[in-house]
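Student: everything below, folded, please.
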Amino acid sequence: MGKLILDIRQGDVLNIGGSQVRLIVKSGKSSRLEITASNEIEVLLERKSAPLILEHNTDGKHTI
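Tutor: Residues are numbered from 1 along each chain as shown. Here you go, the predicted structure:
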């Protein structure tokens with residue numbers, strides 16, 4: 001598996017395979033991203049500091 005680290009600005013778009021990730025807004029330590037992908041692509045949000053009770057919650061799991 002490869003790894004790439006990028007600095008992006010508001011409005012920039014990352015093209016990953018046939019999917020796109022756009023940085024909508026950045027405020028402090030939070031960023032809002034827009035992800036455009038086919039319905040077959042699973043998007044899973046993993047929070048770094050999630051409380052134990054939320055670790056198995058599927059709220060961060062979305063199909064597009």
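
Student: contacts and neighbour counts: CA atoms only from here.
Tutor: Fine.

Student: hey, what's Leu33 bridged with?
Tutor: Per DSSP bridges, the residues bridged to Leu33 are Leu23.

Student: let me fix that, I meant to ask about Val43.
Tutor: Going by DSSP bridges, Val43 forms beta bridges with His62.

Student: quick check: it vs Ser19, distance?
Tutor: Look at Val43 and Ser19: by CA to CA, to the nearest Å, they are 11 Å apart.

Student: quick one, strands of this protein?
Tutor: 13-16, 19-27, 30-36, 42-44, 61-63 (DSSP state E).

Student: same for the fourth one, what does it pack against?
Tutor: Read it as strand 42-44. Using 3 or more CA pairs under 8 Å, 6 or more residues apart in numbering; DSSP states H and E, the elements in contact with strand 42-44 are strand 61-63.

Student: contact partners for Arg32?
Tutor: Arg32 makes contacts with 23-26, as judged by CA atoms under 8 Å, 6 or more residues apart in numbering.

Student: which residues of the chain score low on pLDDT?
Tutor: The chain contains residues with pLDDT under 70 at 50-64.

Student: redo the contacts of Arg32 as JSON lines? Include neighbour count.
Tutor: Shown next, in JSON lines, are the contacts of Arg32 (neighbours: other CA atoms under 10 Å):
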{"residue": "Leu23", "neighbour count": "17"}
{"residue": "Ile24", "neighbour count": "14"}
{"residue": "Val25", "neighbour count": "13"}
{"residue": "Lys26", "neighbour count": "12"}
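
Student: nearest to Ser38 among those residues?
Tutor: Leu23 (18.6 Å; CA to CA).

Student: surely that closest one touches Asn15?
Tutor: No. Counting by CA atoms under 8 Å, Leu23 does not reach Asn15; the two are 11.9 Å apart.

Student: and the gap between Leu33 and Val25?
Tutor: From Leu33 to Val25 the distance is 7 Å (CA to CA).

Student: wait, Val43
Tutor: Counting by CA to CA - Val43 and Val25 are separated by 19 Å.

Student: can you pull the contacts of Arg9?
Tutor: Leu23.

Student: Gly11: neighbouring residues, count only.
Tutor: The tally of other residues near Gly11 (other CA atoms under 10 Å) stands at 13.
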